[in-house]
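Visitor: return a 3D structure for these sequence lines:
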Amino acid sequence: MTTPASVATVESHLEIIQLTHRYALGLGRFDPAETLAVFTEDAVWDATAVGLDRLEGHARLRDFFERDARSVADQFHIITNHVIVFDGEDRAHGTNYVFSEGHSRTGARFRAAALNEDVYRRSDDGWRIASRVISPWTPAELEGFDA
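Guide: The predicted model follows:
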């Protein structure tokens, strides 16, 4: 017989899933501040495996998300299949799938199905993404796209 998860664990689980959805919504709305708000100040965002950059800290992430908002005409990100493991009261890690598609303002098309490998930390402001490493599930299509 397994012990039911505590209410606090269930609440944390749902808050972490909500972070990933707020990230996708911020990208879709072209709102860099909304996207950035889900990350810790010292966060790492590594998308080198899909042909993009590895960024560290809010300033670098903000710059990338602002450039993305200026250069992309339309986009969406669907994030699903969350698996979250708690490493303590204030730390967790997990994975989720992401499918994204869109077009740049110059007409270049991009499409990717990927795996996000995340590390989460809880602070006074709640759970945040401390690290996100993005790896392709299928070959990324970034023809003509320069983010």
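
Visitor: for this structure, which segments count as strands?
Guide: Per DSSP state E, the chain carries strands over the ranges 39-46, 54-56, 72-86, 91-104, 109-123, 126-136.

Visitor: and those: which comes nearest Phe64?
Guide: Ranking the strands of the chain by distance to Phe64, with C-beta to C-beta as the measure, places strand 54-56 first at 5.6 Å. Just so you know, the C-beta spots here come from the backbone N, C-alpha and C atoms, and that holds for glycine as well.

Visitor: contacts for the closest one, please.
Guide: 42-48, 61, 64 (C-beta atoms under 8 Å, 6 or more residues apart in numbering).

Visitor: mind putting these in CSV, distance to Asp125, pLDDT and neighbour count included?
Guide: Formatted as CSV, the contacts of strand 54-56 follow (distance: C-beta to C-beta, whole Å; pLDDT from 0 to 100; neighbours: other C-beta atoms under 10 Å):
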residue, distance to Asp125, pLDDT, neighbour count
Asp42, 14, 98, 11
Ala43, 13, 98, 21
Val44, 18, 98, 18
Trp45, 18, 98, 23
Asp46, 23, 97, 17
Ala47, 24, 92, 21
Thr48, 28, 92, 12
Leu61, 16, 97, 20
Phe64, 22, 95, 19
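
Visitor: closest one to Glu101 out of those residues, please.
Guide: The closest of these to Glu101 turns out to be Ala47 (C-beta to C-beta; 15.5 Å).

Visitor: the closest residue to that closest one other than its chain neighbours bridge partners, please.
Guide: Leaving aside its chain neighbours, Ala47 sits nearest to Ile134 (4.3 Å; criterion: C-beta to C-beta, 6 or more residues apart in numbering). Beta bridges link Ile134 to Asn116 when assigned by DSSP bridges.

Visitor: got a list of what Ile134 touches?
Guide: 45-47, 49-50, 52, 98, 114-117 are the contacts of Ile134 under C-beta under 8 Å, 6+ apart.

Visitor: ok so, going back, Throw the strands of the chain into TSV and include distance to Leu27, thanks.
Guide: Converted to TSV, those look like this (distance: least, C-beta to C-beta, whole Å):
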stretch	distance to Leu27
strand 39-46	12
strand 54-56	14
strand 72-86	5
strand 91-104	8
strand 109-123	12
strand 126-136	12
